[in-house]
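In: show me the folded form of this:
(chains A and B)
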Number of protein chains: 2
Amino acid sequence: MQSDQWLLIREARQEASVGKTVEVRAWVRTRRDSKAGFSFIELNDGSCFGNLQIVAQGELDNYSSEVQKLSAGCSVVVEGKIEASPAKGQATELHATSVRVLGWCDSETYPLQKKRHTFEKLREWAHLRARTNTFGAVARVRNQICDSIHSFFQENDFYYTHTPIITASDCEGAGEMFRVTTLDLERMAKSGKAVNYEYDFFDKPTFLTVSGQLEGETYATALGRIYTFGPTFRAENSNTSRHLAEFWMVEPEAAFFDLQDNMRLAEAFLKRVFTDCLHQCDEDMDFFEQRIQPGVIEQLKSVIDRPFAHMTYTEAVKVLENCDAKFDYPVSWGTDLQAEHERYLTEQHVGGPLILTDYPSSIKPFYMRVSDDGKTVAAMDVLVPGVGEIIGGSQREERLDVLQRRMTEAELDMSHYDWYVDLRRYGTVPHAGFGLGLERAVQYVTGMANIRDVIPFPRTPGNADF
Amino acid sequence: MQSDQWLLIREARQEASVGKTVEVRAWVRTRRDSKAGFSFIELNDGSCFGNLQIVAQGELDNYSSEVQKLSAGCSVVVEGKIEASPAKGQATELHATSVRVLGWCDSETYPLQKKRHTFEKLREWAHLRARTNTFGAVARVRNQICDSIHSFFQENDFYYTHTPIITASDCEGAGEMFRVTTLDLERMAKSGKAVNYEYDFFDKPTFLTVSGQLEGETYATALGRIYTFGPTFRAENSNTSRHLAEFWMVEPEAAFFDLQDNMRLAEAFLKRVFTDCLHQCDEDMDFFEQRIQPGVIEQLKSVIDRPFAHMTYTEAVKVLENCDAKFDYPVSWGTDLQAEHERYLTEQHVGGPLILTDYPSSIKPFYMRVSDDGKTVAAMDVLVPGVGEIIGGSQREERLDVLQRRMTEAELDMSHYDWYVDLRRYGTVPHAGFGLGLERAVQYVTGMANIRDVIPFPRTPGNADF
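Out: Numbering: from 1, shown residues only, chains lettered A, B, ... in the order given. Got it, this is the predicted structure:
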């Protein structure tokens, strides 16, 4: 795939590379000229967090004409020999026999100068911010989480399945969905007439998906175990550090799984993802620990190291009612738990990850399985220290009559769901699944405070740049 | 993750399982009663193409009350012992000690009866069709291709990157893009006034992406090697067997790659994907070979086995002009090649995969690198026997002045592309990438004639069901 001598900087930084004659291709991070007539150049090519130190002697042909003019952002190809480095914190350095400049970078106009910028400011330069330490590290950790998601499910016999992005089902919460259309809005607005969907691409109103779960169930009840992993949309007008209009979600769904199987799956899944991040992205994680959120590594280890505690919603409400903590929102059986309650339970009461189960049916969607008590459903929320809920899921209602009753109670338009009900008409099986928002997971692993900083190009109210 | 005794049917069918006491959970495909007072039941749980044969003796408690009433689609849990099978074509069978029925399936109303349905008819039952041999096999191969895509790029140091789905760039071909909006279309249409985007979610017109390439380049010029893999949209009113309004595309982009590196990458990539399908999905591939497209396995092997041939567009046009074949479309230098030309070149002229390079700049987009001759660009199309083009890519124009000139010639609104041009202002590097449409690849591997049959829920003009 590449010329024999070209090494990525991740490779060139390894002790095993000492003695090799190589070429690296990268961007300059800093340059420091020694009075002894040579220069140190720190190079980064994105393959890892750390830089490779180049030692460029004054004897190079272009030393004064080019090397001494290199500044942050310039792109170069450097040939030379890898040597063991006497400096602390790096195993190797590259003694250059040639430094070829590919692209200059005007330090007067380049937005990413040495000077620190706020994350807010860097959002305006989303096309450049991956070149910084922080956003490079976020991108690598995000990649690792995605890779671990795929590996975990593939190894556990789940098939990756693509559920539709454009959908005509305007189920739960139509008000929060984006419309998709090919109608000429300008002309239509001026017409003063009713919308004629015959001229629209799909001949009817269509929307961007808010979840692939229902369609995912159709494949789980055919292939056994599936997972979806794709973009999901909410047109919620929320300008917070936890909301995006466009985000990625992974949703496994498994036939013949009950709530217990589902809980085991979620626990093994989270532990696998977090373990991989600590092992595969150790340099990036050290950076987040030191510069972004001290304690983030310990927090991840606390999720990995112990079995998840289990508690029913009913037990949790009793704990919250009888504890000394002050909450902004009151708690009583039948109310939805707030982040403050969830965090109290996982951080103070249990001191580790906690799966809450058996929520009141009145606060959960129609598709969750009704328990024998008639009041609760087989729902589960996985709570972790630091944020509260990170995963939500349930066993699904597989009984035709119960599902139809719940749909009637929820006042759903049954004609839109006939296909979903068919799964209970023909060879119905117990099944279960859950959802994890990718960006929430990236935030949790990296400690990044604002969700807009863990996706390359965030979409929020008023913002669809790039 | 699962109870100790529960085996997937893929596992239960392996010789190594003989002698084990197990449980399987699956759907009935067929039941055949022997006059000797027992029944054979074929079970499938989606974990593989083949079924597991259950031998259910008349001594079972529920033999006449339930077992003898089982029909296609019923779901069951069967316990028993795996024995070596005397029958041909299967290593094992399961001698049942218990058959528990989870869900019945009324054979009067169940759409998937033994009777063969056309693929067209099955599209109406897209929520059930994955339960058939064909669509189960397609889903497993599609999963394998996705898994191979991720594995290949991860192993070759490419980072998975999510480029935006909703975009405000209405670049090349705005007419073919879907609009995304939260405006109340009904009210707006009746208003008779101009559209007021202040009330729209993003405060301006937004669209669904047609490609993540340009945004992908921003991450490649920071992280080095990236790939996108996500849904892509075209609002083209094409009712053909090769077009979808919503499809999945993988787009690698690599800094410091020239066209040669890009060609090597594409060749290694295709070979890896096809090899994995043949090895990992052998049962499914045997089915496609026997029932869908005889010769499909040989065709894949012909791509894997030999080095891809290389030829310039100019050479190809000469070949086409001087050959004896009759074409519907005439060929001369400067015209775009049609599928008939591509297929002649790869099937007749070369007899194997072929990469065409150096196309006229006039028929290629503004971002492709202009060659020294001033007339051609560093584009490449990978052609394979059976379909023609399967991958399109190029080295990108990294020179600021040349790119700006090309954009001016293409009459682009430069204000929309300032961020893209920045990549050439600050530390520009040679870089290259390509795109592969997932569904085209699934069609190629499976031999399925209609693209609507290789995605779970196809979106085409007038069709957004489910």
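In: low-confidence ranges in chain A?
Out: Residues of chain A meeting the criterion pLDDT under 70: A:1-3, A:114, A:170-175.
In: domain parsing of it, as residue ranges.
Out: Using the TED database, the domain parsing of chain A gives A:9-103, A:131-175+A:210-453.
In: among these, which is the most enclosed?
Out: Burial of those is given as mean neighbour count (mean count of other C-beta atoms under 10 Å in any protein chain shown); domain A:131-175+A:210-453 ranks first at a mean of 20. Using the backbone N, CA and C atoms, a C-beta is placed for each residue, glycine as well.
In: between its first and last residues, how far does that domain reach?
Out: Start to finish, the residues bounding domain A:131-175+A:210-453 are 13 Å apart (C-alpha to C-alpha, to the nearest Å).
In: where does A:D157 land in three-state SS?
Out: Under the three-state scheme (DSSP: H, G, I helix; E, B strand; the rest coil), A:D157 adopts coil.
In: check contacts around the residue lying closest to it once chain neighbours are set aside.
Out: In space, and not counting its chain neighbours, A:D157 is closest to A:R225: 5.4 Å by C-beta to C-beta, 6 or more residues apart in numbering or on different chains. Counting by C-beta atoms under 8 Å, 6 or more residues apart in numbering or on different chains, A:R225 makes contact with A:153, A:156-159, A:252-255, B:46-47.
In: and A:E439, by the same measure?
Out: Here A:E439 is in contact with A:244, A:247-248, A:451, A:454-455 (C-beta under 8 Å, 6+ apart).
In: and the residue nearest to A:A130 when sequence neighbours are not counted, what helix or strand is that in?
Out: Residue nearest to A:A130 in three dimensions, not counting chain neighbours: B:A222, with 3.6 Å by C-beta to C-beta, 6+ apart. Using DSSP states H and E, B:A222 falls within helix B:213-223.
In: what angle separates the helix or strand that that helix is followed by from strand A:225-233?
Out: Once the chain leaves helix B:213-223, the next helix or strand it forms, by DSSP H and E, is strand B:225-233. Angle of strand B:225-233 versus strand A:225-233, following axes from the mean of the first three to the mean of the last three C-alpha atoms, to 10 degrees, is 80 degrees.
In: off-centre distance for strand B:225-233?
Out: 12 Å (C-alpha atoms, centre = their mean, to the nearest Å).
In: now it and helix B:213-223, what's the angle there?
Out: 160 degrees.
In: note down every partner strand of strand B:225-233 and its orientation.
Out: strand B:159-160 (parallel), strand B:246-255 (antiparallel) (DSSP bridges).
In: which residues sit in contact with the residue nearest to A:A130?
Out: A:46, A:128, A:130-131, A:135-136, A:139 are the contacts of B:A222 under C-beta under 8 Å, 6+ apart.
In: how much space between it and A:A137?
Out: As judged by C-beta to C-beta, to the nearest Å, B:A222 and A:A137 stand 12 Å apart.
In: cool, A:L70 as well?
Out: Using C-beta to C-beta, A:L70 is found at 24 Å from A:A137.
In: same deal with A:L43?
Out: From A:L43 over to A:A137 the distance is 17 Å, taken as C-beta to C-beta.
In: contact partners for A:A235?
Out: Contacts of A:A235 by C-beta under 8 Å, 6+ apart are A:175-178, A:245, B:182, B:201.
In: which of the residues you listed are buried?
Out: Buried residues within the contacts of A:A235, counting neighbours by 16 or more other C-beta atoms under 10 Å in any protein chain shown: A:176-178, A:245, B:182, B:201.
In: return the member of those nearest to B:E11.
Out: A:M177 (41.3 Å; C-beta to C-beta).
In: hmm, that closest one is touching A:F233, no?
Out: Yes. Contact status for A:M177 versus A:F233: in contact at 7.1 Å, counting by C-beta atoms under 8 Å.
In: all helices of the stretch 351-466 of chain A, in order?
Out: With DSSP state H, counting those that start in this stretch as the criterion, the stretch 351-466 of chain A has helices at A:400-409, A:418-425, A:438-446.
In: which ones among the contacts of B:A222 map onto helices?
Out: Among those, the residues falling in helices (DSSP state H) are A:135-136, A:139.
In: to A:V421, which of the strands paired with strand B:225-233 lies closest?
Out: Using C-beta to C-beta, the nearest of these to A:V421 is strand B:246-255, at 24.8 Å.
In: just give me how far that closest one sits from the chain centre.
Out: 12 Å.
In: over to stretch A:272-284?
Out: 14 Å.
In: stretch A:25-37 now?
Out: That offset, for stretch A:25-37, works out to 35 Å (C-alpha atoms, centre = their mean).
In: now for the contacts of A:E439: which two are most distant?
Out: Farthest pair in the contacts of A:E439, by C-beta to C-beta: A:W248 and A:I451, 11.6 Å.
In: mind listing what the residue nearest to A:N133 when sequence neighbours are not counted touches?
Out: Among residues not flanking A:N133 along the chain, A:F287 sits closest, at 6.5 Å (C-beta to C-beta, 6+ apart). By C-beta under 8 Å, 6+ apart, A:F287 lies in contact with A:49, A:133-134, A:137.
In: what about A:F287, distance to chain B?
Out: Per C-beta to the nearest C-beta, to the nearest Å, A:F287 is found 15 Å from chain B.
In: from A:C281, how far off is that residue?
Out: On the measure of C-beta to C-beta, A:F287 and A:C281 end up 9 Å apart.
In: now do the shared contacts for those two.
Out: Counting by C-beta under 8 Å, 6+ apart, the residues touching both A:F287 and A:C281 are A:A137.
In: which one of the contacts of A:A235 is nearest A:V429?
Out: For the contacts of A:A235, the nearest to A:V429 is A:M177 (29.9 Å; C-beta to C-beta).
In: please, where are all the strands along the stretch 301-450 of chain A?
Out: For the stretch 301-450 of chain A, the strands defined by DSSP state E, counting those that start in this stretch occupy A:309-312, A:354-360, A:376-384, A:388-395, A:431-437.
In: quick one, which of these gets closest to chain B.
Out: Nearest to chain B, of all the strands of the stretch 301-450 of chain A, is strand A:431-437, at 10.2 Å by C-beta to the nearest C-beta.
In: tell me what that closest one is packed against?
Out: Strand A:431-437 sits against helix A:213-223, strand A:246-255, helix A:259-280, strand A:376-384, strand A:388-395, with contacts defined as 3 or more C-beta pairs under 8 Å, 6 or more residues apart in numbering or on different chains; DSSP states H and E.
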